[in-house]
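Colleague: build me a structure from this.
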Amino acid sequence: MGIGLETIFDLGIEKSMKEEVKTLRFYVSSDGRKTTAIEEGHELDGINLILKRYPFVDPEWLLSKKRYLVHDKLVATAICHEDDTPDEKEGKKVAIKKLNVLIKGQAKSALKLFELDMKKQFAK
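Modeller: Numbers count the residues shown, from 1 in each chain. Have a look, this model is predicted:
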């Protein structure tokens with residue numbers, strides 16, 4: 001997703017949690033058939049998506065709600081089919097594609113959770 005801390009820092013809010021830095025690593029099996037991509041630094045992706053969609057929400061309040069934080073470390077693995085020739089570059093490409101689906105999915109889940117919570121609040 002790649003939103004990062006820009007949204008929060010642009011609003012002039014100090015982040016009390018650890019700094020969110022994206023780090024991407026690849027692990028390729030010895031035979032080249034299995035490629036794993038691991039990326040860390042996604043804890044605030046859900047909050048940033050909420051702030052992007054609903055800019056009137058207090059970012060400090062969002063940061064205080066742990067329920068809108070998402071998994072910081074995500075892992076995706078691409079496995080080469082038996083009949084195909086292993087290709088490290090293609091394996092990394094597929095693993096990144098799977099990783100991006102996970103990143104977007106968990107940020108959208110946090111957004112849906114926030115919207116559901118707001119709907120419950122306004123229904124009272």
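
Colleague: can you pull up the most central residue in this structure?
Modeller: For the chain, Ile103 is the residue whose C-alpha lies nearest the centre (Cα atoms, centre = their mean; 3.5 Å).

Colleague: show me what Phe26 bridges to in the sheet.
Modeller: Under DSSP bridges, the beta-bridge partners of Phe26 are Ala37.

Colleague: surely it and Thr35 touch.
Modeller: Yes: applying Cβ atoms under 8 Å as the test, Phe26 and Thr35 come out as touching, 6.3 Å apart. Heads up, the C-betas are built off the backbone N, CA and C, glycines and all.

Colleague: shared neighbours of those two, anything?
Modeller: Shared contacts of Phe26 and Thr35, defined by Cβ atoms under 8 Å, 6 or more residues apart in numbering, comprise 92, 95.

Colleague: which one of these two has more residues nearby?
Modeller: Taking other Cβ atoms under 10 Å, Phe26 and Thr35 do not tie; Thr35 has more neighbours (26 against 14).

Colleague: check which helix or strand the more buried one maps to.
Modeller: Take DSSP states H and E as the rule and Thr35 turns out to sit in strand 34-40.

Colleague: mind giving me the packing neighbours of the helix or strand following that strand?
Modeller: Remark: after strand 34-40, the chain's next helix or strand is helix 45-53, criterion DSSP H and E. Judged by 3 or more Cβ pairs under 8 Å, 6 or more residues apart in numbering; DSSP states H and E, the packing partners of helix 45-53 are helix 6-10, helix 59-64, helix 88-123.

Colleague: pLDDT below threshold where in this protein?
Modeller: For the chain, the stretches with pLDDT under 70 are 1-20, 124.

Colleague: try it again at 80.
Modeller: When residues are selected by pLDDT under 80, those of the chain lie in 1-21, 124.

Colleague: circling back: mind saving the C-alpha coords of the strand holding Thr35 as PDB?
Modeller: Extracted C-alpha coordinates of strand 34-40, given in PDB (Å, rounded to 0.1, in the frame of the first residue of the first chain):
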ATOM      1  CA  LYS A  34       9.800 -21.200  -3.400                       C
ATOM      2  CA  THR A  35      10.100 -17.400  -2.900                       C
ATOM      3  CA  THR A  36       9.000 -15.700   0.200                       C
ATOM      4  CA  ALA A  37       8.600 -12.000   0.600                       C
ATOM      5  CA  ILE A  38       8.500 -10.500   4.100                       C
ATOM      6  CA  GLU A  39       7.700  -6.800   4.600                       C
ATOM      7  CA  GLU A  40       7.500  -5.000   7.900                       C
END
